[in-house]
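In: structure here, sequence nowhere to be found:
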DNA sequence: ATAAATATGGTACGTTCGTATCACGAAGAG
DNA sequence: CTCTTCGTGATACGAACGTACCATATTTAT
């Protein structure tokens, strides 16, 4: 036989090529020949490692989410060994915004896959459907921890706020993608809500809110 | 000549067929033959009224946004002749959620077009890009009006809250579409934020908040 | 050393798609 | 009453796509 190649490594290489070309021309426009050309291999090779286009697309989705999870993790680690909940949440959310080429590609392709899954049952059964739940749970835990530590408004519902933050981040991401909003304005909106959640109570401002209240106390 | 047909009416009929089949099988999967069959006309007719597929898609997008704008308007009118700002905003947001077949189709296709526009320059230049701005401005005005009337928290930034509400609504819509969230839970989250904005001040509760505050007044 | 298995290239096949072409009936204009 | 123009049908064409098939060099196993 020829030089016993690592199949998983080859598949990764081809999947990366898929992501590149799909990020450039759109997921709908990518063909096996494009992927082969981008990866620098023959069409036959793509067929060899992924028997069908559907399998290639599924593997590409898996690879995409894996890479992005790793990216968010490293961003989170970059804010310090044990950051405050607020810093951690901010890092988490901002890492999801499409601010550079890699995150733009991720956001575009993840959205494309999601939309495709609405009308494609086989894709809907793919693993990427539980990733949002994981993010929601992580964020909820972070918020609840901040509340327990007296850093965040104890009256807020952690899960609802987590859902809200993630939802806003997602739409902001798309808005940035279609050049309808700048990353800065998106970040400003997110920070606004973090301020609301994190300064409404806690050690610094137990009654700072009353400065703007029409206070009826004597 | 034959019986002088109304071109605009025919185009509308065909565009509606496009929307139907695209909503069923996905925008990426729709072909001219599918549209023709759905509309009950020949392939040649689709070519006759829209010379090219690109023009058909553009017209379809226009028709889609028109229909949806009308739908939201009628939903808004259905809440009464002059509703309060809160009821109006709630109607506006809830009308955008994909809760029935028509709004599901709209949400799916609008998202598909948006994603397509990222990698298709001609589509990005299409008119649907300013619709979000219009919604944002409308909502901002509604919120500002509520603030002026003393119904909403005067300390909130109307535009930021408008952006946030629309952003959350958009993502919730997609979540409902992919069956990751139920309409009820999405509505609950939106109502939570409306409560936050609308009960923080106003005629009924100038100091109701202090019931939950750690009030430092004597 | 011979055989079996592996990795890779080249290419052909059938289908589908958007578009173009040919053809023809029906109605208003002169 | 032609004649031109408009609406419609059927069909053909070239390209691109996913997939299948055949060939071949190389390496491991016997």
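Out: Now that the structure is in, tell me what you want to look at. Computed from a predicted model, the values in this text were never measured in an experiment. Residues are numbered from 1 along each chain as shown, chains lettered A, B, ... in the order given.
In: and the helix ranked longest in chain A, which residues are buried?
Out: Counting by DSSP state H, the longest helix found in chain A is helix A:53-78. Residues of helix A:53-78 classed as buried: A:56-61, A:63-65, A:67-68, A:72, A:76 (neighbour count, 16 or more other Cβ atoms under 10 Å in any protein chain shown). From N, CA and C alone the C-beta is placed, and that goes for glycine too.
In: that one vs DNA strand D: in contact?
Out: Yes: contact of helix A:53-78 with DNA strand D (Cβ under 7 Å from any atom of the strand) involves A:53, A:54.
In: beyond that helix, next helix or strand please.
Out: helix A:85-96 (DSSP states H and E).
In: ok, and the closest non-adjacent residue to residue A:12?
Out: Nearest residue to residue A:12, sequence neighbours excluded (Cβ to Cβ, 6 or more residues apart in numbering or on different chains): residue A:63, at 6.5 Å.
In: the longest helix of chain A vs helix A:85-96, what angle?
Out: Interaxial angle of helix A:53-78 relative to helix A:85-96 (axes from the mean of the first three to the mean of the last three Cα atoms, to 10 degrees): 150 degrees.
In: show me what contacts the residue lying closest to residue A:71 once chain neighbours are set aside?
Out: With Cβ to Cβ, 6+ apart as the criterion, residue A:71 has its nearest non-adjacent residue at 6.7 Å, and that residue is residue A:95. Shown in contact with residue A:95 (Cβ atoms under 8 Å, 6 or more residues apart in numbering or on different chains): A:71, A:72, A:75, A:76, A:103.
In: I figured the last one hits residue A:97, correct?
Out: Yes: with contact defined as Cβ atoms under 8 Å, residue A:103 and residue A:97 form a contacting pair (6.8 Å).
In: any idea how far residue A:185 lies from residue A:172?
Out: Separation of residue A:185 from residue A:172 (Cβ to Cβ, to the nearest Å) stands at 8 Å.
In: and these two? which has more neighbours close in?
Out: The residue with more neighbours, out of residue A:185 and residue A:172, is residue A:172; 27 against 15, by other Cβ atoms under 10 Å in any protein chain shown.
In: excluding residues flanking it in the chain, which one is nearest that one?
Out: residue A:186 (3.8 Å).
In: ditto for residue A:139
Out: Nearest non-adjacent residue to residue A:139 (Cβ to Cβ, 6+ apart): residue A:162, at 3.9 Å.
In: check the burial of that neighbour by counting its neighbours.
Out: Residue A:162: 22 surrounding residues under other Cβ under 10 Å.
In: hmm, the helix or strand where residue A:13 lies touching DNA strand D?
Out: Assigned by DSSP H and E, residue A:13 falls within helix A:7-25. No: using Cβ under 7 Å from any atom of the strand, helix A:7-25 stays clear of DNA strand D, coming no nearer than 9.5 Å.
In: tell me which other helices or strands that helix touches.
Out: Applying 3 or more Cβ pairs under 8 Å, 6 or more residues apart in numbering or on different chains; DSSP states H and E, we find helix A:7-25 packed against helix A:32-39, helix A:43-49, helix A:53-78, helix A:101-119.
In: export these to CSV and tack on mean pLDDT and distance to DNA strand C?
Out: Below are these laid out as CSV (pLDDT from 0 to 100; distance: least, Cβ to the nearest atom of the strand, whole Å):
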stretch, mean pLDDT, distance to DNA strand C
helix A:32-39, 98, 8
helix A:43-49, 98, 4
helix A:53-78, 96, 12
helix A:101-119, 98, 14
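In: pull up the gap between residue A:33 and residue A:18, please.
Out: Counting by Cβ to Cβ - residue A:33 and residue A:18 are separated by 12 Å.
In: and those two? Which one has more around it.
Out: A direct count of neighbours by other Cβ under 10 Å for residue A:33 and residue A:18 places residue A:18 higher, at 29 against 11.
In: return the residues of chain A in contact with DNA strand D.
Out: Residues of chain A lying near DNA strand D (Cβ under 7 Å from any atom of the strand): A:1-4, A:30-34, A:43-44, A:47, A:51-54.
In: skip the chain neighbours and tell me the closest residue to the residue nearest to the spatial centre of chain A.
Out: Centroid check for chain A by Cα atoms, centre = their mean gives residue A:96 as the closest residue, at 4.1 Å. Leaving out its chain neighbours, the residue that sits closest to residue A:96 by Cβ to Cβ, 6+ apart is residue A:169, at 5.4 Å.
In: correct me, but the one you found touches residue A:98?
Out: No: using Cβ under 8 Å, residue A:169 is not in contact with residue A:98; the gap is 10.6 Å.
In: so how far is residue B:96 from residue A:43?
Out: Separation of residue A:43 from residue B:96 (Cβ to Cβ): 44 Å.
In: no no, residue A:51
Out: Residue A:51 sits 42 Å away from residue B:96, taking Cβ to Cβ as the criterion.
In: now chain A against DNA strand D: closest residue?
Out: residue A:31 (3.1 Å; Cβ to the nearest atom of the strand).
In: what is the neighbour count of that residue?
Out: Neighbouring residues of residue A:31 were enumerated by other Cβ under 10 Å; the total is 13.
In: okay, and the closest residue to residue A:85 other than its chain neighbours sits in which element?
Out: Distances taken as Cβ to Cβ, 6+ apart place residue A:146 nearest to residue A:85, at 3.7 Å, with adjacent residues excluded. Assigned by DSSP H and E, residue A:146 belongs to helix A:131-148.
In: got the buried residues for that helix?
Out: A:132, A:135, A:136, A:138, A:139, A:140, A:142, A:143, A:144, A:146, A:147.
In: with the residues you listed in mind, which one is nearest to chain B?
Out: For the buried residues of helix A:131-148, the minimum distance to chain B (Cβ to the nearest Cβ) is 6.2 Å, reached by residue A:132.
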